[in-house]
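everything below, folded, please.
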Amino acid sequence: MAYEGSHDGADERPIDARALRFALIFPLLLAASLFLGGFLIKGQLPDGVMLPTGGGSLPLPAFLSIGAVLIVVLGAGVGSQGARTSLPPLLRRILLGVGMTLQLAAFTLFGAALLGQGAPEGLPKVTVDGFVLLMGCGLAMAMGVVLAMTFKPAEQWSASDDKVLAQMLEAEADPAAINDTMAYFVHPKGSVTIMILLVAILPGAILTVISPWILLIAVVLALLVISMLSATIQVDRHQLIVKLLGLVPVLAVPCEVVDASVSLDIVAKDYGGWGLRKHSGSATFLTYSGAAVVLRLNDGGKVVVSAPDLDTADDLSAILNRRAGKSPDKR
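Sure thing, here's the model as predicted:
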């Protein structure tokens with residue numbers, strides 16, 4: 001069961017109208033279903049029905065009325081609190097989920113009493129049918145969890161909304177800025193990868209006469225070296241970030257500290273060599289000699305990252321030059 005709260009004017013309304021309607025209407029429908037089910041098996045309950053707590057038999061309408069009131073009180077009483085926009089979103093989700101669980105559990109309890117006491121001839125009659133109660137309460141718990149997870153409270157205006165508004169204003173002033181995102185994957189060239197593997201495998205194969213573990217360790221180390229030279233390079237309106245294998249961030253450069261950038265065809269050894277290197281306020285991540293982007297930082301440092309080709313380097317450099325010196329919420 002998925003439900004989305006209202007998003008219209010949520011910052012001004014103390015009550016989420018759609019959530020409130022759901023919290024009130026659902027238990028009423030559930031109570032009506034209890035009445036309908038009770039009257040369908042009325043013929044099997046000629047002497048009335050005992051409450052699940054025991055005691056004397058009550059006329060069926062009285063029994064159903066008590067059940068309906070309990071369902072509505074629990075469901076609407078707890079669930080309606082989830083419609084209050086002044087409460088934290090997580091608490092609202094919990095309240096709506098708890099309300100759902102309680103009203104379904106109450107419905108199950110009274111339904112199990114009806115089925116247990118209205119058992120057909122030949123079957124033992126019980127105050128409450130335990131199997132129905134067990135399955136129904138399990139469903140009630142599951143539905144409560146599902147509702148709590150899928151309910152989206154009416155959103156309130158927050159600092160993140162201010163940032164989004166600032167980004168929209170900037171995009172309106174500079175339409176090109178909305179496309180200031182880019183990502184690509186760099187890895188060693190095929191010849192370099194083969195060389196690294198051969199350097200590991202050939203000596204390891206010879207040394208297997210000592211121990212087969214040496215070859216395995218050599219191959220693992222070679223794969224580790226290759227992974228250290230493979231990364232995803234991403235840039236957006238906030239920063240440039242390098243992630244090894246697209247997972248582990250190892251280098252991040254906020255756009256506001258960038259002074260300028262340029263795309264170049266470089267030789268890796270002129271910038272310290274392959275891999276991740278950091279020294280004297282500068283950092284490089286190079287997987288090969290060739291296309292790269294060189295960033296000059298406003299503190300005098302330098303950052304260099306590889307690119308698949310000069311066209312990609314040109315595009316990345318253009319984005320960084322547009323964003324140079326700008327924080328995410330600046331125009």
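
only C-alpha atoms for contact and neighbour calcs from this point on.
Will do.

so where's the longest helix in this structure?
helix 89-117 (DSSP state H).

give the other helices and strands that the helix or strand just after that one contacts.
For helix 89-117, the following helix or strand on the C-terminal side (DSSP states H and E) is helix 130-150. Counting contacts by 3 or more Cα pairs under 8 Å, 6 or more residues apart in numbering; DSSP states H and E, helix 130-150 is packed against helix 89-117.

now the angle between helix 130-150 and the helix it packs on, please.
Orientation of helix 89-117 against helix 130-150 (axes from the mean of the first three to the mean of the last three Cα atoms, to 10 degrees) gives an angle of 160 degrees.

in helix 89-117, which residues are buried?
By 16 or more other Cα atoms under 10 Å, the buried positions in helix 89-117 come out as 89, 92-117.

pLDDT averaged over it, what's the number?
For helix 89-117, mean pLDDT is 87.

which other helices and strands contact it?
Here helix 89-117 touches helix 17-40, strand 49-51, helix 60-79, helix 130-150, going by 3+ Cα pairs under 8 Å, 6+ apart.

what lies in contact with the shortest one?
The set of residues external to strand 49-51 that reach it, using Cα atoms under 8 Å, 6 or more residues apart in numbering, is 56, 57, 58, 59, 60, 63, 110, 113, 114, 117, 127.

switch to 7 Å and redo it
Residues outside strand 49-51 that contact it (Cα atoms under 7 Å, 6 or more residues apart in numbering) are 56, 57, 58, 59, 60, 63, 117, 127.

show me the beta-bridge partners of the second one.
Meaning residue 57. residue 50 (DSSP bridges).

can you pull the pLDDT of it?
For residue 57, the model assigns a pLDDT of 80.

ok, now the fifth one?
Predicted confidence (pLDDT) at residue 60: the value is 85.

so after the lowest-mean-pLDDT helix or strand in the chain, what's the next helix or strand?
Scoring the helices and strands of the chain by mean pLDDT, DSSP states H and E places helix 159-173 at the bottom, with a mean of 61. Going down the chain from helix 159-173, the next helix or strand is strand 182-186, by DSSP H and E.

and that next one, which residues are buried?
Buried residues in strand 182-186, counted by 16+ other Cα under 10 Å: 185, 186.

tell me how far it lies from the chain's centre.
Relative to its chain's centre, strand 182-186 lies at 23 Å (Cα atoms, centre = their mean, to the nearest Å).

which other residues reach the helix or strand just after that strand?
Downstream of strand 182-186, the first helix or strand assigned by DSSP H and E is helix 190-206. Applying Cα under 7 Å, 6+ apart, the contact partners of helix 190-206 are 214, 215, 218, 219, 222, 226.
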